[in-house]
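Student: requesting a structural model of the entry that follows:
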Amino acid sequence: MTDADPQPEPGRDRPGGINGLWFIAITLSLFIIVPAVVIGTSKLASRPQERPPLVYAERDTWQPQELRPRELAYDMFVAAETGRQYRRANFPLDAGDEAMLLNAVRLAQTPDFFESEAVPGRLADWAAQHPAQFYPAYLLGEWYRVNGDAQQAQTWRDTAFRRASGAIVQALNRPDGTPAAGHTLPPVAIAYDRVIDGQLNTTLMLVYPAPTADEHGRVYLPTFESIYRLTDPALPPGADSAVYPRDLTLLPQSLTRQTPNWFSAPHRVGELPAATIEPAAE
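Tutor: Next comes the predicted model:
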C-alpha cells in the first residue's frame, strides 16, 4: 500500500462497524418490528368499532337507506352446496333480556295499555334492569306521549333510540301530497327472525302499539339492526300465523303472502317507501 492509496475510514465496511450495525438493525426490523406492526394493525382493524348513538333530535342527519326484500332461506341448490338452509342472522341477546322483551310485548298488547296506571312503573323497572335494551324505554315514552306528558315522553323516546342498534322510518303523506303530521297508525309488529345453531328462530316479535308521525309526517321505530319481517300484532310472542303481510309498509294490510316477506337494509337505519294515508283511514 502506498501513501496515495485511500485509507479505510474507521468502522466503514467492516462487520460490527457503522454499516454493519445498520444492516443488523434493518434485518431485525424485518423479523420483529414489521410483524409486530402488522399484527397490531390487524387487531385494530378487527376490533368492533363503536358507532355513535342514534340521537332522535338529529334524525334529519341519519341518512336512511332503502329497505328491500331479502331472502333469509337459501334456495335448494345453495343449501345443498353449503349444507346450510339459512343465512347468518343473529344479534347478541341473553336469556334474561329476551324473557323481559316477551313480557313487555304481552303488556303492550293488553287492551288497557295506555289507560293502566301500573304500566309506567313496570316499564321503568325493566328499563333500569336491562340498560342495553331499547324496547321498555320506547314503550314508556309512548305511554307518556299518549297520556299528555311531553317532557317524559321525549326523555324516554331519546333513551330508546340511543339504546337501539337500528331504526325503521316511513314517510306518511295525505292524498294532496302534504305530510301526514301527527297521524297515528294501528299497532305494528316487527318480527326479528334469527338463525341460531343453524335453525330458524321466530320467537322474537316486538309490538309498537301506536306509531305516530312526527311534525314532518315521518314515523320512526327503534329496532335491532337485523333482517326484519312484518307480522300480525295480535299474535302472541313466538306464534306464526303462516300468512304474512305482502307489502313493505307500516300501513294496515291483510295477511295474504304464503311465505315470509323478509327485508333488510345495508345501513342501520332503513326506510320503507313513502305511503299515502287515505281519507277513510283518518
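Student: ends of stretch 106-126, how far apart?
Tutor: Distance between the boundary residues of stretch 106-126 (Cα to Cα, to the nearest Å) amounts to 14 Å.
Student: just the strands in the stretch 151-282 of the chain please.
Tutor: 166-173, 188-191, 194-196, 199-201, 205-208, 218-223, 229-231, 244-245, 255-257, 263-264, 269-276 (DSSP state E, counting those that start in this stretch).
Student: pretty sure residue 63 is touching residue 268, no?
Tutor: No. Counting by Cβ atoms under 8 Å, residue 63 does not reach residue 268; the two are 10.2 Å apart. Using the backbone N, CA and C atoms, a C-beta is placed for each residue, glycine as well.
Student: who has more neighbours, the two?
Tutor: residue 268 (17 against 8; other Cβ atoms under 10 Å).
Student: any idea how far residue 122 is from the more buried one?
Tutor: Residue 268 sits 29 Å away from residue 122, taking Cβ to Cβ, to the nearest Å as the criterion.
Student: can you tell which of the strands of the stretch 151-282 of the chain is closest to residue 142?
Tutor: Distance to residue 142, taken as Cβ to Cβ, is lowest for strand 205-208 among these, at 7.8 Å.
Student: avg pLDDT for that closest one?
Tutor: Per-residue pLDDT over strand 205-208 has a mean of 97.
Student: got it, and stretch 172-190?
Tutor: 96.
Student: just the CA atoms of that stretch, as PDB, please.
Tutor: Taking Å, rounded to 0.1, in the frame of the first residue of the first chain, the C-alpha atoms of stretch 172-190 are listed here in PDB:
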ATOM      1  CA  LEU A 172     -96.700   9.200   5.600                       C
ATOM      2  CA  ASN A 173     -98.500  11.700   3.100                       C
ATOM      3  CA  ARG A 174    -102.000  12.800   2.600                       C
ATOM      4  CA  PRO A 175    -103.600  12.400  -0.800                       C
ATOM      5  CA  ASP A 176    -102.700  16.000  -1.700                       C
ATOM      6  CA  GLY A 177     -99.000  15.200  -1.100                       C
ATOM      7  CA  THR A 178     -98.700  17.100   2.200                       C
ATOM      8  CA  PRO A 179     -97.000  15.300   5.200                       C
ATOM      9  CA  ALA A 180     -99.500  13.500   7.400                       C
ATOM     10  CA  ALA A 181     -98.100  15.100  10.600                       C
ATOM     11  CA  GLY A 182     -99.500  13.600  13.800                       C
ATOM     12  CA  HIS A 183    -101.200  10.700  12.100                       C
ATOM     13  CA  THR A 184    -101.400   7.600  14.300                       C
ATOM     14  CA  LEU A 185    -101.200   4.100  12.900                       C
ATOM     15  CA  PRO A 186    -102.800   1.000  14.300                       C
ATOM     16  CA  PRO A 187    -100.400  -1.300  16.100                       C
ATOM     17  CA  VAL A 188     -97.400  -2.500  14.100                       C
ATOM     18  CA  ALA A 189     -95.500  -5.700  14.800                       C
ATOM     19  CA  ILE A 190     -92.000  -6.500  13.600                       C
END
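Student: next, the buried residues of that stretch.
Tutor: Neighbour counts using 16 or more other Cβ atoms under 10 Å place 172-174, 179-180, 183, 185, 187-190 of stretch 172-190 among the buried residues.
Student: need those residues in JSON lines with distance to residue 212, can you?
Tutor: What follows is the buried residues of stretch 172-190, written out as JSON lines (distance: Cβ to Cβ, whole Å):
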{"residue": "172", "distance to residue 212": "10"}
{"residue": "173", "distance to residue 212": "15"}
{"residue": "174", "distance to residue 212": "15"}
{"residue": "179", "distance to residue 212": "13"}
{"residue": "180", "distance to residue 212": "10"}
{"residue": "183", "distance to residue 212": "7"}
{"residue": "185", "distance to residue 212": "7"}
{"residue": "187", "distance to residue 212": "12"}
{"residue": "188", "distance to residue 212": "11"}
{"residue": "189", "distance to residue 212": "16"}
{"residue": "190", "distance to residue 212": "16"}
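Student: show me the shaky parts of the chain.
Tutor: 1-49, 74-90, 280-282 (pLDDT under 70).
Student: the residue nearest in space to the middle of it - nearest residue in space that isn't next to it in sequence?
Tutor: What sits nearest the mean C-alpha location of the chain, by Cα atoms, centre = their mean, is residue 225, with 1.8 Å. Distance criterion Cβ to Cβ, 6 or more residues apart in numbering; nearest residue to residue 225, sequence neighbours excluded, is residue 166 at 3.5 Å.
Student: that'll do, ta.
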